[in-house]
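Chemist: have a look; sequence and predicted model below, questions after that.
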Amino acid sequence: MKCFFCDEEVNWQNDFDVDDIDDTCQYNIVSYYQCRNDDCGAWYEVYTDKKKEEDSKKDTKKDDKVE
């Protein structure tokens with residue numbers, strides 16, 4: 001993947017399960033990339049694997065339970 005600003009290659013840094021960061025997000029995975037050009041230094045967050053509507057409804061129902 002190329003940097004949008006300087007056209008240098010970017011390095012993959014990490015992937016996270018989005019639920020570990022923000023359980024209200026509509027995606028499952030966030031990937032972080034950093035531009036190789038030290039003068040640029042751009043960072044990118046790429047959200048992928050959009051949650052299915054069924055999964056979102058299950059999470060909502062689970063939160064609504066009263067015990």
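Modeler: That came in fine, so what should we check first?

Chemist: check contacts around C40.
Modeler: Counting by CB atoms under 8 Å, 6 or more residues apart in numbering, C40 makes contact with C3, F5, C6, E8. For every residue, glycine as well, the C-beta is placed using N, CA and C.

Chemist: run the last query once more with 10 Å
Modeler: For C40, the contact set (CB atoms under 10 Å, 6 or more residues apart in numbering) comprises C3, F4, F5, C6, D7, E8, V10, Q34.

Chemist: now the second one. Nearest residue, chain neighbours left out?
Modeler: On the basis of CB to CB, 6 or more residues apart in numbering, the spatially nearest residue to F4 that is not a chain neighbour turns out to be A42, at 7.2 Å.

Chemist: that neighbour and W12, how far apart?
Modeler: Using CB to CB, to the nearest Å, we find A42 at a distance of 14 Å from W12.

Chemist: follow-up on the earlier one: report the two of the contacts of C40 separated the most.
Modeler: Of all pairs drawn from the contacts of C40, the greatest distance, 14.9 Å, lies between D7 and Q34 (CB to CB).

Chemist: more neighbours: these two, which one.
Modeler: Q34 (15 against 10; other CB atoms under 10 Å).
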